[in-house]
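# need a 3D model of the following:
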Amino acid sequence: QVHLVESGGGLVQAGDSLRLSCAASGRSISIYAMGWFRQAPGKEREFVASISWGGGGSTYYADSVKGRFTISRDNARNTVYLQMNSLKSEDTGVYLCAANTVGYITPSWNSWGQGTQVTVSS
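Now for the predicted structure:
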């Protein structure tokens, strides 16, 4: 089982940028598809972005973040990143990192981090 720890969240203004990191331990992330999800207060958790296993040649984004967010991975550092640009108030929430061995477009994510809070003020 891979252990995931997110970092990089904070309070920013609309239009600002943030880069989230997800550091993995216990196993190499190279065998895992990796993803980012978020959960706003009073709302269900929603998918944000995912990246394929290995070299990460394939990515997938929610329509709401396409063109603004970029997911990437550095297998040598066992870390996944989420670069968030042009942030909006509706991007506010707890951002969670996830991993699975099924694929990058799947509802079956079986390893989760604890999350990092992102708050965007308008």
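# hey, let's count contacts and neighbours off CA atoms from now on
OK.
# for this structure, just list every one of the strands.
Here the chain has its strands, by DSSP state E, at 3-7, 10-13, 18-25, 33-39, 46-51, 59-61, 69-74, 79-84, 93-100, 111-112, 116-121.
# could those strands go into CSV alongside mean pLDDT and mean neighbour count?
Below are the strands of the chain laid out as CSV (pLDDT from 0 to 100; neighbours: other CA atoms under 10 Å):
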stretch, mean pLDDT, mean neighbour count
strand 3-7, 98, 20
strand 10-13, 98, 15
strand 18-25, 98, 20
strand 33-39, 97, 24
strand 46-51, 98, 23
strand 59-61, 97, 18
strand 69-74, 97, 21
strand 79-84, 98, 21
strand 93-100, 98, 25
strand 111-112, 96, 18
strand 116-121, 98, 20
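# ok, residue 85 touching residue 16?
Yes - between residue 85 and residue 16 there is a contact under CA atoms under 8 Å: 6.3 Å.
# more neighbours: which of those two?
Higher neighbour count among residue 85 and residue 16: residue 85, with 17 against 14, using other CA atoms under 10 Å.
# report pLDDT for the nearest residue to the more buried one once chain neighbours are set aside.
Spatial nearest neighbour of residue 85, chain neighbours left out: residue 17 (4.4 Å); criterion: CA to CA, 6 or more residues apart in numbering. You'll see residue 17 listed with a pLDDT of 98.
# alright, calling it a day.
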